[in-house]
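Engineer: Have a look; sequence and predicted model below, questions after that.
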Amino acid sequence: MNRGILYSRLLTFLFWIAMSALTLLPVWWMFLVSVRTRADLFGKPSFLLDVQAMTWENYAAVLSNPTFQKYMTNSLIVATSNAVLVSVLALLAAYAMSRFALVGKDNLFFWVLTNRMAPPAVFLLPLFLMFTGLRLGDWSLFDTRIGLILLYCVFNLPFAFWLLQGIVDAIPKELDEAAYVDGASTFTVLTTVIFPLARPGLAVTGILTWVFAWNEYLFASTLTSVEARTITTGLAEFVTVTGTNWGQLAAVAMLTLAPAALVLALVQRHIVAGLTFGAVKG
Amino acid sequence: MRNTTTGWLLIAPTLFILFITGMVPFLYVLAVGFLDWNTFAANPEPRFAGVENFRALVFDAAFLKSLWLTFKFTVFVLASQLLVGFFLAKMLMRNVPLKGLFRTIHTLPLMIAPIAVGATWRLMTVPGLGPIPHWMQQWFDISYVLSRFPDQAFATVVIMDIWHWTPLVTLTLMAGLSNLPEEPLEQARIDGAGEWRIFWDITLPFLKPVLLTTIFIRLMDALRTVDEVWMLTGGGPGAETRFIGLHIWRVVFPKTDYGYGAAMSLITLYLTIVMCWLLYVAMTGMKEKSR
């Protein structure tokens, strides 16, 4: 290898080291704030982790707080239920779209996708009125986990539908035709032929929709008040209500971003296709 | 072909849920936009107001300012992200050790909850605690207080968005660049064309579909930015970073001016659609030309 190429490779390598540092810097800083005592927070900022002075008390305080436990449980329940619901419904819909001659299916497909593109702020008011207005006795959708689970379908269902559409289309038709010839019902075909073959795709769908639901803030903050609040609204409350407890704020924020960071490596190949709706393949 | 009724039954739950969560709210907001309805007003009952809300909006300085800020923000972030993203895509396509790791790290901000992105940047910029105010003071002798200086607040919001979303642009452009045909590039080099000329006449036309899709996606996302800005500046100082999503939220919830808020939502939706439609026309027009 000649010298010029070697130098240019070294420069590129150093450039990416610097870029990665720049990307990680804010997150690293937040981690540092979350493991420092209140007394260590102020003064000259240091980016070094002092292992001796490290403390987990912010995490302990947050995790032992019943309000926060509730928020965390809510987020887990809402994100998981929504991801499962959306994956199941979208698999059925994708199968219907792929194997049946439905009238006007191209328009239907486009309409489904447009639901994801709508700016959420625009729909806050009607959703709020619907959630508080539709009552069964004392019960309304407002401030319930069911409400959020259903509502998150508006952005997750089109996404899951689109993702699984490609996956079901790729499963050879002959396989389910053969099963039908053997006298299998649609249900049997779905569970014994389609589901096993679509499993890797379903896993990606589940993970990404789970992350999107977990990350959502605007709907959760306006359509819940006490009982169904999620971790993202809890994080926002830290600033507006308690204001100055930066250590705990950082701990909550770390807990909020942790799941997404953990699954990053698993799904990173699909993120680009996911965020651009397949217009660009990553 | 099997019975299509089965097909409709399979797709029905999806369509039903999307109808309830997507279509009904749209029709609802459309109806409320023509009402005079404020639950805290002297007369809290909804009354038909015709186009009164829309007429008032055209002269509403706060609304227009918010639209202008959103537009300015969108232009700033789009331009910077395209430039930086293109450069980074080029850099990431070079043969470099640990490429996969760098790519993963670069992708990280995309997965973080926007509200947590806001929290991250808030911790970076809080006076007395965050490193940015400290560095600004020490190196440039600048007093950096987001809650006091509008320009600093706006610039920080833009930088935060660049940190958050540039990776998407990098990755899409990388996908586009790796699909470039080799042959015309080599031919042009043999013919002695300069790098700039090659970029302008070959790379850019081939990259156009991917580029426009990227712009389209980023445009829609930038127009509806709320969470991270709310967390970082709360829309302040004053209303200097109160983008349209935040502005609508304020009119609808603390002020409970439902009719007016709905009209505002509709205009915002309309403007979003118009901008996207213009891009769509540009995109499809481009495809036909290249055919």
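Structural biologist: It's in.

Engineer: of all of the stretch 1-150 of chain B, which residue lies closest to chain A?
Structural biologist: Nearest to chain A in the stretch 1-150 of chain B, going by C-beta to the nearest C-beta, is residue B:7, at a distance of 2.8 Å. (C-beta placed from N, C-alpha, C; glycine too.)

Engineer: pretty sure that residue is in a strand, no?
Structural biologist: No - counting by DSSP: H, G, I helix; E, B strand; the rest coil, residue B:7 falls outside a strand, being helix.

Engineer: which residues does it contact?
Structural biologist: Going by C-beta atoms under 8 Å, 6 or more residues apart in numbering or on different chains, residue B:7 touches A:96, A:99, A:100, A:101, A:102.

Engineer: change it to 7 Å
Structural biologist: Going by C-beta atoms under 7 Å, 6 or more residues apart in numbering or on different chains, residue B:7 touches A:96, A:100, A:102.

Engineer: So which of those is the closest to residue A:26?
Structural biologist: The closest of those to residue A:26 turns out to be residue A:96 (C-beta to C-beta; 44.4 Å).

Engineer: Pull the contacting residues for the closest one.
Structural biologist: Neighbour list for residue A:96: A:102, B:7, B:10, B:11 [criterion: C-beta under 7 Å, 6+ apart].

Engineer: Please enumerate the helices of the stretch 51-200 of chain A.
Structural biologist: A:57-63, A:66-99, A:105-117, A:120-133, A:145-151, A:153-170, A:173-181, A:186-189, A:195-215 (DSSP state H, counting those that start in this stretch).

Engineer: looking at those helices, which one has the lowest mean pLDDT?
Structural biologist: When these are compared by mean pLDDT, helix A:105-117 comes last with a mean of 83.

Engineer: With respect to residue A:134, which of the contacts of residue B:7 is nearest?
Structural biologist: Nearest member of the contacts of residue B:7 to residue A:134, counting by C-beta to C-beta, is residue A:96, at 28.3 Å.

Engineer: Not counting sequence-adjacent ones, nearest residue to the residue positioned nearest the centre of chain B?
Structural biologist: What sits nearest the mean C-alpha location of chain B, by C-alpha atoms, centre = their mean, is residue B:222, with 1.3 Å. Nearest non-adjacent residue to residue B:222, counting by C-beta to C-beta, 6 or more residues apart in numbering or on different chains: residue B:74, 4.3 Å away.

Engineer: neighbours around the one you found, how many?
Structural biologist: Counted with other C-beta atoms under 10 Å in any protein chain shown, the neighbours of residue B:74 add up to 20.

Engineer: residue contacts, it?
Structural biologist: B:219, B:222, B:223.

Engineer: And residue B:218, by the same measure?
Structural biologist: B:78, B:81, B:165, B:169.

Engineer: So which of the contacts of residue B:74 sit within helices?
Structural biologist: B:219, B:222, B:223 (DSSP state H).

Engineer: on that earlier part again, was I right about the residue nearest to the centre of chain B contacting residue B:79?
Structural biologist: No - between residue B:222 and residue B:79 there is no contact under C-beta atoms under 7 Å: 11.0 Å.

Engineer: and the residue of the stretch 51-200 of chain A found nearest chain B, how many neighbours does it have?
Structural biologist: The stretch 51-200 of chain A approaches chain B most closely through residue A:100 (2.8 Å), counting by C-beta to the nearest C-beta. When neighbours are defined as other C-beta under 10 Å, residue A:100 has 20 of them.

Engineer: Residue A:19 too?
Structural biologist: 17.

Engineer: near chain B at all, the helix or strand containing it?
Structural biologist: If you go by DSSP states H and E, residue A:19 is part of helix A:3-34. Yes - applying C-beta under 7 Å from any C-beta of the partner chain, one finds that helix A:3-34 is in contact with chain B at A:9, A:12-13, A:15-16, A:19-20, A:23-24, A:26-27, A:29-30, A:33.

Engineer: Export the residues you listed to JSON lines and append columns for pLDDT.
Structural biologist: As requested, those are exported to JSON lines (pLDDT from 0 to 100):
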{"residue": "A:9", "pLDDT": "87"}
{"residue": "A:12", "pLDDT": "91"}
{"residue": "A:13", "pLDDT": "93"}
{"residue": "A:15", "pLDDT": "94"}
{"residue": "A:16", "pLDDT": "94"}
{"residue": "A:19", "pLDDT": "94"}
{"residue": "A:20", "pLDDT": "94"}
{"residue": "A:23", "pLDDT": "94"}
{"residue": "A:24", "pLDDT": "94"}
{"residue": "A:26", "pLDDT": "94"}
{"residue": "A:27", "pLDDT": "94"}
{"residue": "A:29", "pLDDT": "94"}
{"residue": "A:30", "pLDDT": "93"}
{"residue": "A:33", "pLDDT": "91"}
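
Engineer: need these in TSV with distance to residue B:189, can you?
Structural biologist: Listed next are those as TSV, based on distance: C-beta to C-beta, whole Å:
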residue	distance to residue B:189
A:9	21
A:12	21
A:13	26
A:15	25
A:16	26
A:19	28
A:20	32
A:23	34
A:24	38
A:26	41
A:27	42
A:29	45
A:30	47
A:33	51
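
Engineer: Just the buried ones from those residues?
Structural biologist: Among these, those buried by neighbour count (16 or more other C-beta atoms under 10 Å in any protein chain shown) are A:12, A:13, A:15, A:16, A:19, A:20, A:23, A:26, A:27, A:29, A:30, A:33.

Engineer: tell me the contacts of the fifth one?
Structural biologist: Put plainly, it is residue A:19. Applying C-beta under 7 Å, 6+ apart, we find residue A:19 in contact with residue B:106.

Engineer: now do the last one
Structural biologist: Under the criterion of C-beta under 7 Å, 6+ apart, the contact partners of residue A:33 comprise A:41, A:246, A:247, A:250, B:123.

Engineer: quick one, the strand or helix carrying residue A:248 and helix A:195-215 angle?
Structural biologist: Element membership of residue A:248, judged by DSSP H and E, is helix A:246-275. Angle, helix A:246-275 to helix A:195-215, by axes from the mean of the first three to the mean of the last three C-alpha atoms, to 10 degrees: 140 degrees.

Engineer: nearest to residue A:47, of the contacts of residue A:33?
Structural biologist: For the contacts of residue A:33, the nearest to residue A:47 is residue B:123 (12.7 Å; C-beta to C-beta).

Engineer: That closest one and residue A:246 touch, don't they?
Structural biologist: Yes - shown here, residue B:123 and residue A:246 form a contact pair, counting by C-beta under 7 Å, at 6.4 Å.
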